[in-house]
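Chemist: Quick one: sequence and predicted model below, then my questions.
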Amino acid sequence: MINKNNYIGYQGIPGSYSEEALKEYFGENVQTKNYPEFLGVFEALNEKEIDYGVLPLENSSTGAINDVYDLLRSYGFYIVGERNIKVDHNLVVNKGTKIEDLTEVYSHSQALEQSSRYLKEHPNWQLIPYKNTAISARYIKEENLKTKAAIASKRAAELYDLDILAENINYNKNNYTRFIIIGRNLEVSERCNKLSIIMTVLHEPGMLNKSLQIFSDHKVNLLKIESRPIIERSWEYFFYIDLEGNLEKNNLQEVLHLVKKNSSYYKLLGNYQKSEV
Ligand SMILES: O=C(O)C(=O)C[C@]1(C(=O)O)C=C[C@@H](O)C=C1
């Protein structure tokens with residue numbers, strides 16, 4: 001369980017959306033460590049450099065963040081919490097830059113995608129995927145050129161002393177990113193009401209349906225299914241399933257036991273409290 005000596009890791013630098021999710025979840029007064037890549041957060045948790053990590057898992061406009069889904073399975077950590085954050089992107093530039101000066105726009109690929117309709121109105125701009133939204137903002141500040149812009153949060157513009165040339169350029173005005181909090185151990189408490197598992201089924205007709213029927217027969221409410229390819233076995237998939245429930249309540253453990261029996265691979269990813277928004 002979380003205590004005040006814990007270190008919490010996130011991808012990016014101050015001003016990134018991951019940092020915002022971290023502060024919303026843990027509060028302002030926590031010790032943080034940051035890493036340039038998602039992988040760095042997993043490695044740091046593995047090496048006990050941090051106690052928890054905060055990572056984006058999916059977005060309400062563009063869907064899954066595949067790298068994080070895959071890392072989550074391969075490292076074997078647990079989801080202990082989640083927080084949905086409203087994400088509004090801005091085109092940020094060095095002071096005095098005009099829209100017609102721009103030739104290059106830097107940001108995380110997710111942010112470029114979430115702003116794609118606005119960016120299509122400027123077909124002459126070169127779009128350059130970069131490590132993170134706030135790292136892009138800091139980079140264009142360091143370069144100090146009027147030809148380069150970044151897509152980032154208002155807070156990143158403030159922190160790196162940049163101007164906002166266009167506000168809220170994400171095409172979905174209800175653009176939310178779901179962040180997960182990961183830890184080394186399974187943490188189950190009274191308040192947990194959401195569960196995530198990964199499973200694969202035998203490549204035979206009706207096998208996925210059989211697993212889903214188990215949930216339906218026991219009145220377990222499914223919230224999401226995401227599939228990710230199994231690299232070594234073409235056209236076979238890991239199914240990531242989110243469902244409602246608490247591991248210590250009702251007969252959920254027995255239901256999961258039946259699902260496990262019907263699966264060729266099964267892993268419990270965590271039991272945690274659903275984000276309010
Ligand atoms: O946290 C950041 O600032 C990021 O650049 C990452 C990230 C992501 O990977 O989805 C986080 C939230 C937004 O959806 C866009 C980008």
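Modeler: Right, received. Where do you want to start? Numbers count the residues shown, from 1 in each chain.
Chemist: C-alpha only now, for contacts and for neighbours.
Modeler: Fine.
Chemist: Can you give me the first-to-last residue distance of stretch 224-242?
Modeler: 5 Å (CA to CA, to the nearest Å).
Chemist: Please identify the buried residues of stretch 206-225?
Modeler: 208, 211, 214-215, 220, 222 (16 or more other CA atoms under 10 Å).
Chemist: Identify, from these, the entry nearest to I151.
Modeler: Proximity of the buried residues of stretch 206-225 to I151 was ranked by CA to CA; the top entry is L222 with 34.7 Å.
Chemist: okay, that closest one: pLDDT?
Modeler: At L222, the model reports a pLDDT of 97.
Chemist: likewise the one 5 residues further on?
Modeler: Per-residue confidence for S227 comes out at a pLDDT of 96.
Chemist: can you tell me which residues contact the residue nearest to the spatial centre of the chain?
Modeler: Central residue of the chain (CA atoms, centre = their mean): P56, 1.3 Å from the mean position. Each residue near P56 by CA atoms under 8 Å, 6 or more residues apart in numbering is listed here: 18, 65, 68, 177-180.
Chemist: Surely K141 and A157 touch.
Modeler: No: in this structure K141 lies outside contact range of A157 using CA atoms under 8 Å: 9.6 Å.
Chemist: on that earlier part again, how close does the residue nearest to the centre of the chain sit to the ligand?
Modeler: Counting by CA to the nearest ligand atom, to the nearest Å, the gap from P56 to the ligand is 5 Å.
Chemist: Buried residues, the helix or strand hosting that residue. List them.
Modeler: Per DSSP states H and E: P56 is located in strand 52-59. Of the residues in strand 52-59, 52-59 count as buried by neighbour count, 16+ other CA under 10 Å.
Chemist: Could you spell out the sheet neighbours of it, each with its direction?
Modeler: Using DSSP bridges, strand 52-59 pairs in its sheet with strand 7-11 (parallel), strand 63-64 (antiparallel), strand 176-183 (antiparallel).
Chemist: And the contacts of the host helix or strand of H257?
Modeler: H257 belongs to helix 252-261 when assigned by DSSP H and E. With contact meaning CA under 8 Å, 6+ apart, helix 252-261 is reached by 199, 211, 214-215, 218, 245-247, 266.
Chemist: let's see it at 6 Å
Modeler: Helix 252-261 has contacts (CA atoms under 6 Å, 6 or more residues apart in numbering) with 211, 266.
Chemist: ok, now stretch 194-203?
Modeler: Outside stretch 194-203, the residues that touch it by CA under 6 Å, 6+ apart are 238-245, 263-274.
Chemist: swap in stretch 214-224?
Modeler: The set of residues external to stretch 214-224 that reach it, using CA under 6 Å, 6+ apart, is 241-244.
Chemist: 10 Å instead, please
Modeler: With contact meaning CA atoms under 10 Å, 6 or more residues apart in numbering, stretch 214-224 is reached by 194-196, 210, 212-213, 239-245, 251-252, 254-256, 258-259, 262.
Chemist: Show me the subset of those that also lies near the ligand.
Modeler: Among the contacts of stretch 214-224, not one lies near the ligand by CA under 6 Å from any ligand atom.
Chemist: Make TSV out of the contacts of P56 and add distance to P123.
Modeler: Shown next, in TSV, are these (distance: CA to CA, whole Å):
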residue	distance to P123
S18	29
I65	26
V68	30
T177	27
R178	30
F179	32
I180	35
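Chemist: the strands in the stretch 101-250 of the chain, which residues?
Modeler: Counting by DSSP state E, counting those that start in this stretch, the stretch 101-250 of the chain has strands at residues 104-107, 126-129, 148-152, 163-166, 176-183, 194-200, 222-229, 237-244.
Chemist: close to the ligand, is the third one?
Modeler: No: using CA under 6 Å from any ligand atom as the criterion, no contacts between strand 148-152 and the ligand are found, and the smallest distance is 6.9 Å.
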